[in-house]
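**Q** using only what follows, build the 3D model:
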Amino acid sequence: MRAVQVTRTGGPDVLEVADLPTPEPGPGEVLVDVAAAGVNFIDTYRRSGAYPMSTPFVAGSEGAGTIARLGPDVSELAVGDRVAWKEAPGSYAEQVCVPVAEVVPVPDSVSDEVAAATMLQGMTAHYLATSTYPVGKGDWALVHAAAGGVGLLLTQIVKLRGGRVLATTSTADKAELARGAGADEVTSYDDFADRARELTDGEGFPVVYDGVGRATFERGLDALRVRGLMVLYGAASGPVPAFDPQTLNSKGGLFLTRPSLAYYTRDRAELADRAGELFGWIGAGQLDVRIGGRYSLADAAQAHEDLEGRRTTGKLLILTS
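**A** So this is what the prediction gives:
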C-alpha cells in the first residue's frame, strides 16, 4: 500500500510517499481502506518533532473509509461497514488499522469526505459548546479564528443551541465565511474585547472560546463578564505565558479551563454519542462542513505548507484516490 512516511523530523519536505506492507489488524482492531484522511495541526507537530515520535512513522491520525478486514475477537463490526475515526496513527495511507474503541459508524447521509472532515474538529466544537460551556438561548460567545475548521463548526453549533456569536477573523473573505456560518457580529483581533463590552452594555460575555492562545488570551479575559469562563483549547499563535492566577480574581472571579477532546470522549459510548449528534445535524442539513482543500498522498507536503501558512479555511483532506 502507499503511505506518507516520515523518516526524519523537519519541515513539510520530510513527508514522502512510500510503498509499505499492508498492516495486520490485531485484537480489537479493524483494517480500513482509507478514503480520506484529515489534516490537522497535530500532524505538523509530530512531523516537525515538536511532539516527539519514533521514526520512521506514517503521518496522520484522522480519517474515514470502509472496513476491509476484522482483527481477532472483533464481532460488533463487519467487513464493508463505513466508519470514521479521530485517532489512528498512520492514517495518511491507503490502509490503516483502527482500534474498535475509536471507530464510529458513518450513516448513508454523510459522505466519506465529510465524515473524515468532522471527527476531530467537529467533535471538538461539539464538546466546547455542549459540555465545556453548554451554550444556552441568548448567550453571547466569542469565537476566535471563526473561519477555521473548528471555528466554522463551533459558530454553527452555538447558533443551533440558540446562542449568539461574536467572531474574530483576519481578512474580509474570512469575515464573510464567519457570517455565512451564522456569526451575529464579526470583528478584528484588535478590538474584540471592546466590542464584547459594547454588545452587552459593558457586562461582557459568559464564555470565550480561544484556540489562538498567546496573541489573544490576555485581552480575551477582558471580554468576559463576572464569573465568565475562558475556554483555552489551542495555541495556534503559541502557548500562553505563565500568569498569576490572581488575575482571574481581579478581572471578576473568572474561570479558566484547558480542555482536550480525549477528556470528552473517554469511552466509546461518549464518542459515539457526539459523532451521532454531529452526523445527525449534517444529514438534516443543519450543519455545514466546509472542506477547504483536497490533496493527494503525493501532495501531503503542500497540505502541511498551506495549513501552517494560514492560507486555508475549513478542513483540509488527503484523498487516497
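
**Q** average pLDDT across stretch 273-291?
**A** What stretch 273-291 shows for mean pLDDT is 97.

**Q** just stretch 13-25 next, same as before
**A** 98.

**Q** what comes up buried for that stretch?
**A** Going by neighbour count (16 or more other C-beta atoms under 10 Å), the buried part of stretch 13-25 is Val14, Leu15, Glu16, Val17, Leu20, Pro23, Pro25. C-beta: built from backbone N, CA, C; applies to glycine.

**Q** could you say which helix or strand contains Leu307?
**A** helix 300-308 (DSSP states H and E).

**Q** same deal with Ala36?
**A** Per DSSP H and E: strand 29-39 holds Ala36.

**Q** repeat that for Tyr127.
**A** helix 112-127.

**Q** re earlier: output the strand holding Ala36 as CSV, restricted to C-alpha atoms.
**A** The C-alpha trace of strand 29-39 is given here as CSV (Å, rounded to 0.1, in the frame of the first residue of the first chain):
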residue,chain,number,x,y,z
GLU,A,29,-8.7,-3.6,15.6
VAL,A,30,-10.0,-3.4,12.1
LEU,A,31,-8.2,-2.8,8.9
VAL,A,32,-9.8,0.0,6.9
ASP,A,33,-9.4,1.0,3.3
VAL,A,34,-8.9,4.8,3.8
ALA,A,35,-11.0,7.1,1.6
ALA,A,36,-9.9,10.4,3.1
ALA,A,37,-7.6,11.5,6.0
GLY,A,38,-8.0,14.7,7.9
VAL,A,39,-5.0,17.2,8.0
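
**Q** the helix holding Tyr127 vs strand 29-39, what angle?
**A** Using axes from the mean of the first three to the mean of the last three C-alpha atoms, to 10 degrees, the inter-axis angle of helix 112-127 relative to strand 29-39 is 80 degrees.

**Q** average pLDDT for helix 112-127?
**A** Helix 112-127 comes out at a mean pLDDT of 97.

**Q** for that helix, what is the distance to the chain centroid?
**A** Relative to its chain's centre, helix 112-127 lies at 7 Å (C-alpha atoms, centre = their mean, to the nearest Å).

**Q** other SSEs contacting it?
**A** In this structure, helix 112-127 packs against strand 29-39, strand 62-70, strand 82-85, helix 149-160, helix 268-283, strand 291-296, strand 315-319, with contacts taken as 3 or more C-beta pairs under 8 Å, 6 or more residues apart in numbering; DSSP states H and E.

**Q** how about a cut-off of 10 Å?
**A** strand 29-39, strand 62-70, strand 82-85, strand 104-105, helix 149-160, helix 268-283, strand 291-296, strand 315-319 (3 or more C-beta pairs under 10 Å, 6 or more residues apart in numbering; DSSP states H and E).

**Q** what residues sit buried inside stretch 303-312?
**A** Using 16+ other C-beta under 10 Å as the burial criterion, the residues of stretch 303-312 that qualify are Ala303, His304, Glu305, Asp306, Leu307, Glu308, Thr312.

**Q** doesn't Asp173 make contact with the last one?
**A** This means Thr312. No: judged on C-beta atoms under 10 Å, Thr312 makes no contact with Asp173 at a distance of 11.7 Å.

**Q** list residues touching both of the two?
**A** Residues touching both Thr312 and Asp173 (C-beta atoms under 10 Å, 6 or more residues apart in numbering) are Ala147.

**Q** list the residues that contact Ala223.
**A** So Ala223 contacts 140, 142, 166, 192-197, 199-200, 204-205, 207-208, 210, 216, 230 (C-beta under 10 Å, 6+ apart).

**Q** how about a cut-off of 8 Å?
**A** With contact taken as C-beta atoms under 8 Å, 6 or more residues apart in numbering, Ala223 is in contact with Leu142, Phe192, Ala193, Ala196, Arg197, Gly204, Phe205, Val208.

**Q** cool, and Leu154?
**A** Thr124, Ala125, Leu128, Ala129, Val143, Ala146, Tyr209.

**Q** and which of those residues is nearest Val103?
**A** Thr124 (18.4 Å; C-beta to C-beta).

**Q** tell me how far that closest one lies from Val150.
**A** 5 Å (C-beta to C-beta, to the nearest Å).

**Q** redo the buried residues of stretch 303-312 as a markdown table? Include distance to Val96.
**A** Shown next, in a markdown table, are those (distance: C-beta to C-beta, whole Å):
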| residue | distance to Val96 |
| --- | --- |
| Ala303 | 17 |
| His304 | 19 |
| Glu305 | 23 |
| Asp306 | 23 |
| Leu307 | 20 |
| Glu308 | 23 |
| Thr312 | 24 |
